[in-house]
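1. predicted model follows, preceded by the sequence.
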Amino acid sequence: MHSVIWPDSLGDYIKSIKSADILVGIPSYNNAKTIGHVVRAVQGGFAKYFPEKKTVLVNSDGGSTDGTMEVVQDATIDSFQSILLSHKVNPFVKIATPYHGIPGKGSAFRRIFEIADYLQIKACAVVDSDLRSITPEWIELLIKPVLEGEFDYVAPLYQRHKYDGTITNSIVYPLTRALYGKRVRQPIGGDFGFSGRLAKYFLSEDVWETDVARYGIDIWMTTTAIANNFKICQSYLGAKIHDPKDPGADLSAMLYQVVGSTFDLMDTYSDVWKNVSKSEPVPTFGFRYDVGLEPVTVNLERMIDRFCLGVQELGFVWKDILPRSLFNFFKDISTASCPQDFIIPDDVWVDTIFSFALATHRKVINREHLLRSLTPLYIGRVASFVVDTINSNAVEVEEKIEVLCTAFERKKTVLLSEWDRKGV
């Protein structure tokens, strides 16, 4: 049984609420510039789509020093006439509270799950605090499938720039899809809906002192829901607009924690994924439409340079992880004289990810060294993807990602044959 120790004032306030129908949580850390808009969008969603329900907004904050929690308390919609024709609106409850434990998004979610469990919430959602594109409709799309469709988990489906979300596109989506058989397009999207019973299940799991408490929470939630046969769907939310990130920038920490969590979950749920032979779509809600996307700049030359430096500095590590043919391939491509010749084929990439998964499973070398050594290879794969798609539109890019996914599924038999072998 999970026991919760509330700060006195918070505990008294939550007890006074007694119970509620819907809860939306917003984890935050120094997001004063953007969180006001997110709070107003959530409040608008409650008023417009759930006026008869008792609703709660929880801001779970990681110790912000820029006034984030004060912005949450002060944010409100001045006139509901701007979003409603009729505005019979039940009052909603707003809670801003610091969380405790390992710094990170997972610890923030834990506090949200605790409050949802105590209040016997029927449907929950979590949304990022730095969203600029959230609208009240997001709340409907993340909550209604739970309330009306009896789904337990609602993953987001976004339209994103072709060079945004490269960890998802090149590793997490195709690998998760091949392993567990569900085509959840954004398994680490950041904005999710879930049932009260799934929140209770999440809370009962013993992961809160691990990397899940940092940045592994999204893939852990998605995988846990799928592997334990909760009812899954996804909702189309339009564009996810946030501060654009150069995919060639230093993503080492995020890659380490997200991919590390994905590999750890392969051990946890090996009895599940070993019995999955193909993938299937999941139900998708929401009206699909094209949106304008903010550009994501890429520095191809810098990415290739970082890959080549990795070949020089990490070759001695990769020799213990990769088959000789793969190792030789990466050595050879690092000498390519023209960026347009820099291509890492899908099959090579799938073999690389499976090799790292097997090496992690077998504890071939120190786990952190192993996972961090993947970064230059990942950056190389992104560079290859840029070369391959520089003139491709969104539909063509999605087709290429689909081809990569089928390669992961096709080669899964090789992973299966190697998984229970003790040596390399």
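-> Now that the structure is in, tell me what you want to look at.

2. distance between the helix or strand bottoming out on mean pLDDT in the chain and the chain's centre?
-> In the chain, the helix or strand scored least confidently by mean pLDDT, DSSP states H and E is helix 8-17, which has a mean of 84. Averaging C-alpha positions (C-alpha atoms, centre = their mean, to the nearest Å) puts helix 8-17 31 Å from its chain's average.

3. neighbouring contacts of it?
-> Applying C-beta atoms under 8 Å, 6 or more residues apart in numbering, the set of residues contacting helix 8-17 from outside is 6, 56, 93, 95, 97, 115, 118-119. For glycine as for every other residue, the C-beta is placed from the backbone atoms N, C-alpha and C.

4. I'd like to know which of these are buried.
-> Buried subset of these (neighbour count, 16 or more other C-beta atoms under 10 Å): 6, 56, 93, 95, 97, 115, 118-119.

5. of the residues you listed, closest to Val154?
-> Val56 (17.9 Å; C-beta to C-beta).

6. which residues touch that closest one?
-> Contacts of Val56 by C-beta under 8 Å, 6+ apart are 17, 20, 22-24, 92-95, 115, 119, 121.

7. using the three-state scheme, assign it.
-> strand (DSSP: H, G, I helix; E, B strand; the rest coil).

8. ok, Thr76 next?
-> From three-state DSSP, the assignment for Thr76 is coil.

9. can you tell me which residues contact it?
-> 40, 43.

10. can you read off the pLDDT for it?
-> As predicted, Thr76 sits at a pLDDT of 80.

11. what's the distance between it and Thr55?
-> From Thr76 over to Thr55 the distance is 14 Å, taken as C-beta to C-beta, to the nearest Å.

12. ok, back up a step: so which of the contacts of Val56 comes closest to Gly101?
-> Ile115 (14.8 Å).

13. is it true that that closest one touches Leu23?
-> Yes. Assessed by C-beta atoms under 8 Å, Ile115 is found in contact with Leu23 at 6.8 Å.

14. so for the two, which residues contact both of them?
-> Joint contacts of Ile115 and Leu23 (C-beta under 8 Å, 6+ apart) are 56, 58.

15. any idea what Tyr153 is bridged to?
-> With DSSP bridges applied, Tyr153 shows beta-bridge pairing to Phe194, Ile232.

16. next up, the contacts around it.
-> 192-195, 198, 221-222, 225-226, 230-233.

17. and what of Ile22?
-> 46, 50, 53-56, 121-124, 143, 147.

18. buried only: go through the residues you listed for me.
-> Buried subset of the contacts of Ile22 (neighbour count, 16+ other C-beta under 10 Å): 46, 50, 53-56, 121-124, 143, 147.

19. residue ranges with poor pLDDT in the protein?
-> Scanning the chain for pLDDT under 70 picks out 1-8, 77-91, 243-250, 422-424.

20. now the strands for this protein?
-> 22-28, 55-61, 93-98, 123-126, 153-159, 192-195, 232-239, 284-285 (DSSP state E).

21. distance to Asp267 added to those strands, as a markdown table?
-> Below are the strands of the chain laid out as a markdown table (distance: least, C-beta to C-beta, whole Å):
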| stretch | distance to Asp267 |
| --- | --- |
| strand 22-28 | 27 |
| strand 55-61 | 29 |
| strand 93-98 | 33 |
| strand 123-126 | 26 |
| strand 153-159 | 22 |
| strand 192-195 | 24 |
| strand 232-239 | 22 |
| strand 284-285 | 30 |
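
22. run through the bridge partners of Gly238.
-> In beta-bridge terms (that is, DSSP bridges), Gly238 pairs with Tyr158.

23. show me where the stretch 151-300 of the chain has its helices.
-> In the stretch 151-300 of the chain, the helices defined using DSSP state H, counting those that start in this stretch lie at 166-167, 173-180, 196-204, 217-227, 252-268, 270-273, 300-318.

24. as CSV, these with mean neighbour count and distance to Gln340 would be great.
-> CSV is the format used below for the helices of the stretch 151-300 of the chain (neighbours: other C-beta atoms under 10 Å; distance: least, C-beta to C-beta, whole Å):
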stretch, mean neighbour count, distance to Gln340
helix 166-167, 21, 20
helix 173-180, 24, 25
helix 196-204, 19, 46
helix 217-227, 25, 34
helix 252-268, 20, 26
helix 270-273, 16, 37
helix 300-318, 17, 10
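
25. ok, the residue nearest to Asn31 when sequence neighbours are not counted - contacts?
-> Computed as C-beta to C-beta, 6 or more residues apart in numbering, the closest residue to Asn31 that is not its neighbour in sequence is Ser129, at 4.0 Å. By C-beta under 8 Å, 6+ apart, Ser129 lies in contact with 26-29, 31, 34-35, 38, 59, 68.

26. how much space between Ser129 and Gly36?
-> From Ser129 to Gly36 the distance is 10 Å (C-beta to C-beta).

27. redo the helices of the stretch 151-300 of the chain as TSV? Include distance to Val282.
-> Formatted as TSV, those follow (distance: least, C-beta to C-beta, whole Å):
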stretch	distance to Val282
helix 166-167	21
helix 173-180	10
helix 196-204	15
helix 217-227	9
helix 252-268	18
helix 270-273	16
helix 300-318	33
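
28. Leu370 is nearest to which of those?
-> So among the helices of the stretch 151-300 of the chain, helix 300-318 is nearest, using C-beta to C-beta, at 7.3 Å.

29. helices or strands up against the closest one?
-> If contacts are counted by 3 or more C-beta pairs under 8 Å, 6 or more residues apart in numbering; DSSP states H and E, helix 300-318 sits against helix 324-333, helix 374-389.
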